[in-house]
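Asks: structure for this input, please:
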Amino acid sequence: MKTKALVAVVVLSALTLALSGCATGKPRVTIPNGSSPATANAPRAPMGDNLRYSGWNHGNGALWVTLPKDGCFSISDDNKDKDGYYLLKIPWWRGIRGQLTVTGRRLDAPAPPLRYRAASIQENGDIGINPCVLSLPNEGYWEITGHVGGKSLTIVIHVVKEVQ
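Replies: You can find the predicted model right below:
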């Protein structure tokens, strides 16, 4: 009887430990969903878009982005601005007309907000590709939301510093 009770305690302890390990609090990154402007027949979809490669692989009809297959971006000190922020280029594709704006916040730790620089309508038109540079204060899990014409697309990326 004592053996069964001991086994039950060991099993329950192991199960509790395993389940608590599952809830590490790490956000899930956004992985490409295969929704591209070319397959969705968006206005002015990029020519030669191919989902098997690194085409416009995550979107919703209003906005698309190109994401790595694992949603992870590497940064290095070579990509630091003079204020210490890391620069990360993420092109957006606007399927509807309007100026792209971007908001974001770090999910896994407190951090200053990100900054961004997106090409203006005067520089790049009001539909189609919109180059954008994110300025991130540090690595981590970041929720990024692009906004255009009253629509938005939110992604979660994992930004890691390269080992040098």
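
Asks: quick one, phi psi at the nearest residue to residue 80 once chain neighbours are set aside?
Replies: Spatially, and ignoring its direct neighbours in sequence, residue 80 is nearest to residue 86 (5.8 Å; Cβ to Cβ, 6 or more residues apart in numbering). Yep, even glycine has a C-beta here, placed from its N, CA and C like the rest. Main-chain torsions, residue 86, degrees, to the nearest 10: phi -90, psi 140.

Asks: for residue 124, see how far away residue 86 is.
Replies: Residue 86 sits 23 Å away from residue 124, going by Cβ to Cβ, to the nearest Å.

Asks: neighbour count winner among those two?
Replies: residue 86 (21 against 16; other Cβ atoms under 10 Å).

Asks: may I see the buried residues of the strand ranked longest in the chain?
Replies: In terms of residue count, the longest strand belonging to the chain (DSSP state E) is strand 151-161. For strand 151-161, burial by neighbour count (16 or more other Cβ atoms under 10 Å) applies to 153, 155, 156, 157, 158, 159.

Asks: relative to residue 128, which of these is nearest.
Replies: Nearest to residue 128, judged by Cβ to Cβ, of the buried residues of strand 151-161 is residue 153 at 15.3 Å.
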